[in-house]
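# Got a sequence here, can you model it:
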Amino acid sequence: MAIRYVKRAPRPANETDPAVRERVVELLAKLEADGETEAQRLAEAFDGWTGPIEVPAADIEGAADQLDPTVRADIEHAHNHIRRFAEAQLASLTEFDIEIEPGLRAGQRNVPVGTAGCYVPAGRFAHVASALMSVTTASVAGVDNVIVASPARPDRGGVHPAILYAAHLAGAKRILGLGGVQAVGALAFGLFTGLEADMIVGPGNSFVAEAKRQLFGRVGIDVIAGPTESMIVADETATVEMVATDLVGQAEHGPDSPVWLVTTSSSLAEAVDQRCQALANDLPDPAQASAVAAWRDYGEIMVVDTHEEAAAVCDDYAPEHLQVLASELDWWRGRLRNYGSLFLGPHTNVTFGDKSSGPNHILPTGRAARYSGGLNALKFVKQLTWQELTPEAGAGEAGPAARISRLEGMEGHARSADLRARPD
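As a prediction, this is how the structure comes out:
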């Protein structure tokens, strides 16, 4: 396959900075040792917050009154879509009970985890959509205890009211005013709530991602997220303005957020290359600085000859977001296989998925879409198997199981099987 690069860029390394790794080790160890005292100290050191860590119920209930009615309506609109999609996902997972052979029954139970910790970023802006995406899916899955952690800051009087409202609407039972590593550690260690999280989910900066990485195994996680990625695959039916606008719109996520275009149209590729820089420069700050740097350092444009070659490039990159601006949408939907979420056609874009349309926006990056999907209701549900044999079925199973055990040098296993060799 021949690829012509109109603009070429390196892919982000998606590797943890050793200094970040070492700092997170130190912070988590101190949090586990000193508990809530250390979490409070870090909240003051990083966010200037000296108030209560757990948000009082009255503050959660009163958050709606601090929001413009249009904001509340938009949050409710997005929550309805996210909830309905999560409910459909959960319904796709069924319990079963089958008789594998006479007397040998086995089955599957679907059991939600007991406690989910949902991290919601809130640096310069409140990430309301992230609250909805994580809390709604956990609630729909049937998790008993959904705990949110989001930075509390003095200039906001605590946790941002839009996050309080969204998290409460989506089903959060308790909310902690903590950000960064101290938030992830508090969720994992059960600080302030007495409930250790079984799962910790939600996006965050490199320190949050590294904390989740280090705690994985002790707790479950959704994904270890790197910089946001977006790819567009386009042909001659796409417009320059739409392709360029959508690429730059995703580049504003951060200065290391790659945006990629693969197209079968050389003229489209050349025109998009010219247009993206101007569109990035036209954004207001802080979006402008992020988009300009991301396009300059990580923007890439590739030209191939056929749709099949374009699809192969997409599968190789395995992007977090994949947008199709090309003809024959049904072909693309059936052919593409490596992506976090797929956006089909000119009336669909990643912004809708990021904010309100329904499918989850917490998605795999760094080519992890080759083997994993994004956050969904099923992530919070354990598929537990069971089995039950009659005496006759146990006798029939004893011989093969004992022989395989002895083949593997496991005499104790074999003798346990031998005890069932005769139905009594």
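# From now on I want contacts and neighbour counts done on CA atoms only, so please keep to that.
Fine.
# okay, now the domains of the chain?
Listed by automatic domain parsing, the domain ranges of the chain are 4-14+227-373, 35-95+113-221.
# Throw the ones you listed into TSV and include mean pLDDT and distance to Gly103, thanks.
TSV is the format used below for those (pLDDT from 0 to 100; distance: least, C-alpha to C-alpha, whole Å):
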stretch	mean pLDDT	distance to Gly103
domain 4-14+227-373	95	37
domain 35-95+113-221	96	20
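# how about the ones you listed, which one is nearest Lys382?
Closest of those to Lys382 is domain 35-95+113-221, at 6.9 Å (criterion: C-alpha to C-alpha).
# How about Tyr119: which residues does it bridge to?
Ala149 (DSSP bridges).
# list the contacts for it?
Contacts for Tyr119 were tallied using C-alpha atoms under 8 Å, 6 or more residues apart in numbering; they are Ala131, Val148, Ala149, Ser150, Gly179, Ala183, Val184, Ile200, Val201, Gly202, Pro203, Gly204.
# Just to be sure, which of those are found in helices?
Secondary structure assignment by DSSP state H places Ala131, Ala183, Val184 of these in helices.
# Adding neighbour count and distance to Pro10, write those out as JSON lines.
Putting the ones in helices among the contacts of Tyr119 into JSON lines (neighbours: other C-alpha atoms under 10 Å; distance: C-alpha to C-alpha, whole Å) gives the following:
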{"residue": "Ala131", "neighbour count": "30", "distance to Pro10": "32"}
{"residue": "Ala183", "neighbour count": "28", "distance to Pro10": "33"}
{"residue": "Val184", "neighbour count": "29", "distance to Pro10": "31"}
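# which stretches of the stretch 201-350 of the chain form strands?
Shown for the stretch 201-350 of the chain, the strands assigned by DSSP state E, counting those that start in this stretch span residues 220-221, 230-234, 259-263, 299-303, 321-325, 341-344.
# For the nearest residue to Leu178 once chain neighbours are set aside, grab the count of nearby residues.
Using C-alpha to C-alpha, 6 or more residues apart in numbering and skipping residues adjacent in sequence, the residue nearest Leu178 is Pro151, 4.4 Å away. Neighbour count for Pro151, taken as other C-alpha atoms under 10 Å: 25.
# ok, back up a step: for the domains of the chain, which one sits closest to Phe380?
domain 35-95+113-221 (5.8 Å).
# Dump the ones in helices among the contacts of Tyr119 to a markdown table, plus distance to Glu236.
Formatted as a markdown table, the ones in helices among the contacts of Tyr119 follow (distance: C-alpha to C-alpha, whole Å):
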| residue | distance to Glu236 |
| --- | --- |
| Ala131 | 38 |
| Ala183 | 47 |
| Val184 | 46 |
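# In contact with the residue sitting nearest the centre point of the chain, which residues?
By C-alpha atoms, centre = their mean, the mean C-alpha position of the chain lies nearest to Ile362, the distance being 2.7 Å. Applying C-alpha under 8 Å, 6+ apart to Ile362 gives the contacts Ser130, Met133, Ser134, Gly202, Pro203, Val223, Gly374, Leu375.
# And for His253?
By C-alpha under 8 Å, 6+ apart, the contact set of His253 is Thr228, Ala287, Ser290, Ala291.
# Which members of the residues you listed are the farthest-apart pair?
Using C-alpha to C-alpha, the two most remote members of the contacts of His253 are Thr228 and Ala287, lying 14.2 Å apart.
# Look at the two and report which has more neighbours.
Set Thr228 next to Ala287 and count neighbours by other C-alpha under 10 Å: Thr228 wins out with 22 against 19.
# burial of the residue nearest to Gly254 when sequence neighbours are not counted, as a residue count?
Computed as C-alpha to C-alpha, 6+ apart, the closest residue to Gly254 that is not its neighbour in sequence is Ser290, at 4.7 Å. By the measure other C-alpha under 10 Å, the count of residues near Ser290 is 22.
# What distance do you get for Ser290 to Arg275?
Look at Ser290 and Arg275: by C-alpha to C-alpha, to the nearest Å, they are 17 Å apart.
# And Asn145, by the same measure?
On the measure of C-alpha to C-alpha, Asn145 and Arg275 end up 48 Å apart.
# next one: Asp330
From Asp330 to Arg275 the distance is 29 Å (C-alpha to C-alpha).
# Looking at those two, which one has more neighbours?
More crowded of Asp330 and Arg275, by other C-alpha under 10 Å: Arg275, with 16 against 9.
# tell me the contacts of the more buried one?
Val240, Glu241, Ala244.
# Give the full set of residues in contact with Gln383.
Taking C-alpha under 8 Å, 6+ apart, we find Gln383 in contact with Gln108, Arg109, Asn110, Val111.
# how does it look with 10 Å?
With contact taken as C-alpha atoms under 10 Å, 6 or more residues apart in numbering, Gln383 is in contact with Leu93, Thr94, Glu95, Gly107, Gln108, Arg109, Asn110, Val111, Pro112.
# before we move on, what about Asn349?
Counting by C-alpha under 10 Å, 6+ apart, Asn349 has contacts Ile232, Met242, Asp246, His321, Leu322, Gln323, Val324, Leu325, Leu342, Phe343, Ser357.
# just Arg23 next, same as before
The contact partners of Arg23, by C-alpha under 10 Å, 6+ apart, come to Asp17, Ala29, Val181, Phe207, Glu210, Ala211.
# Can you mark which positions in the helix or strand encompassing it are buried?
Arg23 belongs to helix 18-34 when assigned by DSSP states H and E. Across helix 18-34, burial judged by 16 or more other C-alpha atoms under 10 Å covers Arg21, Arg23, Val24, Val25, Leu27, Leu28, Lys30, Leu31, Glu32.
# And the contacts of whatever helix or strand comes next after that helix?
Of the helices and strands lying after helix 18-34 in sequence (DSSP H and E), the nearest is helix 36-47. When contacts are defined by C-alpha under 10 Å, 6+ apart, helix 36-47 is touched by residues 27-28, 30-32, 48-53, 123, 151-155, 177-183, 185-186, 189-192.
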